[in-house]
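Asker: quick one, what's the 3D model for this:
(2 chains)
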Amino acid sequence: MSSSKELIMNRDWCKGCGICAAFCPKHALEIVNGKVQRSEGSTCVLCGQCELRCPDYAIYIAETEGEKEQWVKSY
Amino acid sequence: MTVNTGDVSKKTQKMSDLIYKYMRPEHLPHIWCPGCGNGIIMRDVAQAIENLGLSRNQTIIVSGIGCSSRAAGYMDFNTIHTTHGRALAFATGIKLANPELEVIVIAGDGDLAAIGGNHLIHAARRNIGLTVVCMNNNIYGMTGGQYSPTTPTGEFGTTAPYGNLDRSFDIAGLAYGAGASYAARGSAYHVQQTVSLIQEGIRNRGFSIIDVASVCPTYYGRKNKKGSAVDMLKWQRDNAVTPEQAAKMTPEELHGKLVIGLLHHTQYPEFTYQYNELIERLAKEREDHE
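Answerer: Take a look at the predicted model:
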C-alpha cells in the first residue's frame, strides 16, 4: 500500500497510559513494557484517533516526505 | 536556546506540526500524570487556535494555579501564569489594556469555581471578551486529591473520606446564570466536538466559558474506583448526552450523565467595546464643551 502518510511514535514521550491502544478502531497498537508499539500483523488505516487523544503528544500521523522519513524508519 | 518561530521546517524532534507550532518543545513531555485528560484538552485549545488562524503574537494564554494551569508554561504564546484563582482578574486587565488581543484563560475547577469563584461570576456579569477553558477534573489534583466544588455528592476525596456532602457546581450553568454570553461543555473524550466548541467560544465577542470534563485517574479515579484513564474516557463516551436529549429526560434519568454540547449562546454588549465607546463619547463631549 502506498501512502504519503505514516504513523509516528515518540516513545521518549510515551507514558504508557494505553488510551491510544484502547480507542484504536483497528486494534493496531499495544502497550509493551510501558511504551506504545504497533501490534504484530495489524493494519493501521491512519485515521488519527490516537493522535487526537494522546495526552502526551507521543503518537501522530505525518507526511513522510523529506526529513521526517528518518523518524518513520527508526521504528 | 533558539527561538521557536513556529516554522515547522525547522523541527528537530519527533512531534506533530501542531505541537511544534503551538507548544514549547523544550518543556515537553509535560509533568501531568499518565492518562491525564489535561494534555488532550491543551491540544484541543491549540487545534482551535490553528483552525481559527489566530496569530501567536495576538493571543494571550492566562492561567492560575493548579494542574491545569501548567498549560500556560507549555503553550508557546504570550503567556502568564498568575496567582491562585486570579487568572480572570489578570485576564480582565490584559483585555482592557488592549482589546485587540485574543485572551484565553485556562483554569481548573478549583481555581475557577472555588478560589476564583467571585472573579468568575463578575467577569461573566461584565460579559468581557475572554474565553475561559475549564479543565474540570472534579478534584484538587496538584495538592493531593481534596474534594473540589465540582466533586459530585457522595463521592470521595482525601478530605471527604466518608463521601462529599455538598452538591456540585455546574460551572457552565453558573457562568451563564451570572451573565456569560456563551456557555458550552465538552469532554476529553469528545475531541472534535470540544475543538469546535472552543472555536465558537473564541469567536464569540463576549464572555465565553467552555467547561471541559477532564479525567484524573491518579486522584479522582483512584479515590472513587473509576478505573484507569481508559475506563474514565469510556465512561465519558457512554454517558454523554446532548442538551436536546437532556431536555427530554427526568432528573433521575439525568443523574450520572454528562451533558455535552452548546448549552447557551446569547448576544449581550461586550464590556471593552462599551468602555471604549464611553471614552469616545466623553472625549467628544469635552471637545464640544471647549
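Asker: nearest residue to the residue of chain A found nearest chain B other than its sequence neighbours?
Answerer: Closest to chain B within chain A is residue A:55: 3.0 Å, counting by C-beta to the nearest C-beta. (Glycine included, C-beta is placed from N, CA and C.) In space, and not counting its chain neighbours, residue A:55 is closest to residue B:39: 3.0 Å by C-beta to C-beta, 6 or more residues apart in numbering or on different chains.
Asker: so what's the residue lying closest to residue B:78 once chain neighbours are set aside bridging to?
Answerer: Nearest residue to residue B:78 in three dimensions, chain neighbours excluded: residue B:60, at 4.9 Å (C-beta to C-beta, 6+ apart). Assessed by DSSP bridges, residue B:60 has beta-bridge partners residue B:78, residue B:103.
Asker: state the distance from residue B:60 to chain A.
Answerer: 22 Å (C-beta to the nearest C-beta, to the nearest Å).
Asker: that residue contacts residue B:103, correct?
Answerer: Yes. Contact criterion C-beta atoms under 8 Å: residue B:60 and residue B:103 qualify, at 4.8 Å.
Asker: neighbour count: these two, which is higher?
Answerer: Taking other C-beta atoms under 10 Å in any protein chain shown, residue B:60 and residue B:103 do not tie; residue B:103 has more neighbours (27 against 21).
Asker: and the helices in the stretch 151-290 of chain B?
Answerer: B:171-178, B:191-203, B:222-223, B:229-239, B:243-247, B:251-254, B:271-289 (DSSP state H, counting those that start in this stretch).
Asker: repeat for chain A
Answerer: A:19-23, A:49-53, A:69-73 (DSSP state H).
Asker: now the end-to-end length of stretch B:110-123.
Answerer: Terminal residues of stretch B:110-123 lie 17 Å apart, using C-alpha to C-alpha, to the nearest Å.
Asker: buried ones in it?
Answerer: Across stretch B:110-123, burial judged by 16 or more other C-beta atoms under 10 Å in any protein chain shown covers B:110, B:111, B:112, B:113, B:114, B:115, B:116, B:117, B:119, B:120, B:121, B:123.
Asker: repeat that for stretch A:40-54.
Answerer: By neighbour count with 16+ other C-beta under 10 Å, stretch A:40-54 contains the buried residues A:44, A:46, A:49, A:50, A:51, A:52, A:53, A:54.
Asker: do the same with stretch B:222-231
Answerer: For stretch B:222-231, burial by neighbour count (16+ other C-beta under 10 Å) applies to B:223, B:224, B:226, B:228, B:229, B:230.
Asker: from those, which are also near chain A?
Answerer: By C-beta under 8 Å from any C-beta of the partner chain, the members of the buried residues of stretch B:222-231 lying near chain A are B:228, B:229, B:230.
Asker: now do the same for the second one: its pLDDT.
Answerer: pLDDT, the model's per-residue confidence, is 93 for residue B:229.
Asker: for chain A, name the helix or strand with the lowest mean pLDDT.
Answerer: The weakest-scoring helix or strand in chain A, judged by mean pLDDT, DSSP states H and E, is helix A:69-73 (a mean of 51).
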